[in-house]
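Student: Have a look; sequence and predicted model below, questions after that.
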Amino acid sequence: MTPLVEMRDIALSFGGVKAIDHVSLDLYPGEVVGLLGHNGAGKSTLVKCLSGAYRMDSGQILIDGQPVTITNPRDARAQNIETIYQTLALADNLDAASNLFLGRELVTAAGFVDDDRMEAETRRIMARLNPNFHKFNVPVSALSGGQRQSVAIARAVYFNARILIMDEPTAALGPHETRMVGELIAELKRQNLGIFLISHDIHDVMDLCDRVSVMKNGKLVGTERVTDVTEDDILGMIILGKKP
Amino acid sequence: MTDTATGGTTRKSLTGTLQLDTRLLGMIGAFVAICLVFHLMTGQRFLTPRNIFTLTIQTASVAIMATGMVFVIVTRHIDLSVGSLLAVCSAVMALVQVWVMPQLLGLGIGHPATAPLAIVAGLVVGTAVGAFNGWLIGYLTIPSFIVTLGGLLVWRNVAWYLTSGQTLGPLDPNFQLFGGINGTIGVTASWVVGALAVAVSLWFMATARQKKAGHGFAVKPLWAEGVMMAIVAGLILGFVAILNAYQVPVARLERIFAARGETLPEGYTEGYGLPISVLVLIAIAVAMTVVARRTRFGRYVFATGGNPEAAALSGINTKLLTVKIFALMGALCALSAVVASARAANHANDIGTLDELRVIAAAVIGGTALSGGVGTIYGAILGALIMQSLQSGMAMVGVESPFQNIVVGSVLVLAVFIDILYRKRSGALK
């Protein structure tokens, strides 16, 4: 089977610091691959090359076996790659619908943004993702952490993503909401999406992922199937940077 | 969809039911208070048709630029060069009128193509300089404060160089129609414009309501919609009525009739009606409001102001957006230059001096936050009107010049402080 995403030999330096040092990863449809590592290991930087936030210095990205060029977030979106950033990347002064459709606004026949239709669509998807969400007409700065997270998640899943990047999706959430995100990931898996899940939490990763890749100091330590390793093995990889 | 039915029926204050912006109400309240105080202090000379007419034409130039400054400040930039840019545009337009058309092309004074060509030339120069500023800021990442501080010096002196420091005039008679008192559309046409404006406003309010109801969203009660419609219609027609009530002086009418070879009939009167410069301002205000609220460009302006990083990650080309915003600002400087130089009937070297401060103050008093992401077009215009009212009210009362500026400066600081308090209380600022 052809991988959904192949990242081959990706390298990126920031002023002499090798943030990503020739890393290769792949992702299959219906698979969740966890990315683990300390702060500054290069996990977020690596997926930002895929989401178009950074431009890699060298390396190659293939989608469905075809080489693609991703130099900005629009390129990534055109490949049906959606990202939930750790910072959520929401414009705090705009409401949920404006954020959900930011950069992809629904417009009327005359070319004006159609706020009513966007709100209706937002209400529809939120009814599915977070039925307790009712604050549609206030800036997202007035929302709780969990509500803001659900806006960011709604934005990623609304546009028929095939590849989903989730950077610490549960960092700001309580236990109940964390469980909801877990259920969502399972459902998206059934819909054959490929998901990169960046996390600090080894338990999360062992529960939700099929494979786990560990990074340290910009290098890939290794990629393992979660069924083949124990949590201690993974911890060893993270701390010592050695394969079990 | 079930929550929509209950959403609107909870207990609400009157302003909540009418869905009025409380901040706007506060500003209108302050404005009315200023007017009333001056009206009493000037022996009831402030709120007369004549003075209101004068106020509107004095405000137009700064208000036109303030609408563009809203976008600039919303995206966390500043433009200190607008006064100088106005001067360059004015200089170029004056050169077209007094040198290029009559002398270089030999078309003589008062050729019908002079005014349109002059305005186009001004717009081209203003937009180009603005776009250049935007390029320096967006693509070369030089802070806007520095780029436009440099621009303040550069363009003021480019204007000086272009005209050798001379006052150019008189400007083309058709061009002067944009100046205010020399270009009004008369009583009948003003009523027609007013009636059309009422019709269009009510139609928009009705269709917006219908569209919301069609999606099953909560709409305000019918009576509240009716009240809002009545207020809007009343304001528009009231404004027209006031400007129509300002009578052309008899001496001036006599001169007009004499020029036509007629004598002034006994008891004949004529009102001025809407000045063309004010119509230009209203058209710009409506267009800019539509741009801000109903176009992708406007949405991106506010998104970028709220969170530049999020905007970029959403695929918005924030560099190009910056160029567009400053180009728009430049074009508005050009239109403002039309109004300002036409009002003066000539181009003088010092035209637009200190306008950057008036424009920024108008936008900020009007509720545009320097931290970005927040601001309204109507607020900026109201801000410009408040500044102008203070200035001319104090002049009428006979406040000494230094005190006038001391008051205006203090009001600016006070307005921003009140705004901060308001936002803290309403939870918009943490």
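Tutor: Everything's here; your move.

Student: okay, now the residue in the stretch 101-250 of chain B positioned nearest to chain A: neighbour count?
Tutor: When scored by Cβ to the nearest Cβ, the stretch 101-250 of chain B has residue B:215 as its residue closest to chain A, at 4.7 Å. From N, CA and C alone the C-beta is placed, and that goes for glycine too. Neighbour count of residue B:215, defined by other Cβ atoms under 10 Å in any protein chain shown: 15.

Student: List the contacts of it.
Tutor: A:116, A:117, A:119, A:120 (Cβ atoms under 8 Å, 6 or more residues apart in numbering or on different chains).

Student: which of the residues you listed come close to chain B?
Tutor: Within the set of the contacts of residue B:215, contact with chain B (Cβ under 8 Å from any Cβ of the partner chain) is found for A:116, A:117, A:119, A:120.

Student: From these, which land in strands?
Tutor: Cross-referencing those against strands under DSSP state E gives no overlap.

Student: Just the buried subset of the residues you listed, written out for ChimeraX, thanks.
Tutor: A single ChimeraX command is used to select the members of the ones next to chain B among the contacts of residue B:215 judged buried by 16 or more other Cβ atoms under 10 Å in any protein chain shown:
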select /A:116,117,119,120
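
Student: Can I get the ones next to chain B among the contacts of residue B:215 in CSV including pLDDT?
Tutor: As requested, these are exported to CSV (pLDDT from 0 to 100):
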residue, pLDDT
A:116, 91
A:117, 93
A:119, 93
A:120, 92
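
Student: and which of the ones next to chain B among the contacts of residue B:215 is nearest to residue B:304?
Tutor: The nearest member of the ones next to chain B among the contacts of residue B:215 to residue B:304, counting by Cβ to Cβ, is residue A:119 at 21.6 Å.

Student: correct me, but that closest one touches residue B:217?
Tutor: Yes: contact criterion Cβ atoms under 8 Å: residue A:119 and residue B:217 qualify, at 6.9 Å.

Student: re earlier: which two of the contacts of residue B:215 have the greatest separation?
Tutor: Top of the distance list for the contacts of residue B:215 (Cβ to Cβ): A:117 and A:119, 7.4 Å.

Student: Would you mind naming what in chain A lies close to chain B?
Tutor: So far as Cβ under 8 Å from any Cβ goes, chain A lies against chain B at A:51-53, A:72-74, A:77, A:83, A:85, A:87-94, A:98, A:102-105, A:107, A:111-113, A:116-117, A:119-120, A:123, A:127, A:134, A:139, A:141-142.

Student: Could you pull out the strands in chain A for me?
Tutor: Under DSSP E, chain A gives strands at A:5-14, A:17-27, A:32-36, A:58-63, A:66-68, A:81-84, A:163-167, A:194-198, A:211-216, A:219-225.

Student: Give the burial count for residue A:102, as a bare number.
Tutor: 25.

Student: One more: residue B:174?
Tutor: Residue B:174 - counted by other Cβ under 10 Å - has 18 other residues nearby.

Student: residues in contact with it?
Tutor: B:110, B:112, B:114, B:115.

Student: ok so, going back, list residues touching both of residue A:119 and residue B:217?
Tutor: Joint contacts of residue A:119 and residue B:217 (Cβ under 8 Å, 6+ apart) do not exist.

Student: Identify the residue spatially nearest to residue 41, adjacent ones excluded.
Tutor: Since you didn't name a chain, this refers to chain A. Leaving aside its sequence neighbours, residue A:41 sits nearest to residue A:215 (Cβ to Cβ, 6 or more residues apart in numbering or on different chains; 4.3 Å).

Student: Wait, chain B was what I had in mind.
Tutor: Leaving aside its chain neighbours, residue B:41 sits nearest to residue B:397 (5.1 Å; criterion: Cβ to Cβ, 6+ apart).

Student: May I have the predicted confidence score for the one you found?
Tutor: Looking at residue B:397, its pLDDT is 91.

Student: list the contacts for it?
Tutor: Listed by Cβ under 8 Å, 6+ apart, the contact partners of residue B:397 are B:38, B:41, B:42.

Student: Would you check how far apart it and residue B:53 are?
Tutor: Distance, residue B:397 to residue B:53, using Cβ to Cβ, to the nearest Å: 19 Å.

Student: Check residue B:302 too.
Tutor: Taking Cβ to Cβ, one finds residue B:302 at 35 Å from residue B:53.

Student: In contact with residue B:351: list those residues for me.
Tutor: B:86, B:87, B:90, B:337, B:340, B:341, B:344.

Student: Most neighbours among those residues, which one?
Tutor: residue B:86 (36 neighbours).

Student: Double-check that that one belongs to a helix.
Tutor: Yes: under DSSP: H, G, I helix; E, B strand; the rest coil, residue B:86 falls within a helix.

Student: wait, isn't it in contact with residue B:339?
Tutor: No: Residue B:86 is beyond contact range of residue B:339, at 9.7 Å (criterion: Cβ under 8 Å).

Student: Can you tell me which residue of the stretch 51-200 of chain B sits closest to chain A?
Tutor: Closest point on the stretch 51-200 of chain B to chain A, by Cβ to the nearest Cβ, is residue B:74, at 9.0 Å.

Student: Leaving out sequence neighbours, find the closest residue to that residue.
Tutor: residue B:305 (4.1 Å).

Student: Spit out the contact partners of the one you found.
Tutor: By Cβ under 8 Å, 6+ apart, the contact set of residue B:305 is A:93, B:74, B:75, B:76, B:372, B:373, B:374.

Student: Restricted to helices, list those.
Tutor: residue B:74 (DSSP state H).

Student: want to try JSON lines for the contacts of residue B:305, with pLDDT as columns?
Tutor: Formatted as JSON lines, the contacts of residue B:305 follow (pLDDT from 0 to 100):
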{"residue": "A:93", "pLDDT": "92"}
{"residue": "B:74", "pLDDT": "96"}
{"residue": "B:75", "pLDDT": "96"}
{"residue": "B:76", "pLDDT": "95"}
{"residue": "B:372", "pLDDT": "89"}
{"residue": "B:373", "pLDDT": "91"}
{"residue": "B:374", "pLDDT": "91"}
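
Student: Export the contacts of residue B:305 as CSV, with columns for distance to residue B:408.
Tutor: Below are the contacts of residue B:305 laid out as CSV (distance: Cβ to Cβ, whole Å):
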residue, distance to residue B:408
A:93, 29
B:74, 23
B:75, 26
B:76, 25
B:372, 25
B:373, 27
B:374, 23
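
Student: Mind giving me the packing neighbours of the helix or strand harbouring residue B:151?
Tutor: Per DSSP states H and E, residue B:151 falls inside helix B:144-163. With contacts taken as 3 or more Cβ pairs under 8 Å, 6 or more residues apart in numbering or on different chains; DSSP states H and E, helix B:144-163 sits against helix B:82-95, helix B:114-138.

Student: now, of those helices, which is deepest in the fold?
Tutor: Mean neighbour count (mean count of other Cβ atoms under 10 Å in any protein chain shown) peaks for helix B:82-95 among these, with a mean of 30.

Student: ok and it relative to helix B:114-138, angle-wise?
Tutor: Angle of helix B:82-95 versus helix B:114-138, following axes from the mean of the first three to the mean of the last three Cα atoms, to 10 degrees, is 150 degrees.

Student: average pLDDT across helix B:82-95?
Tutor: Taken as a whole, helix B:82-95 carries a mean pLDDT of 97.

Student: Nice, that's everything, thank you.
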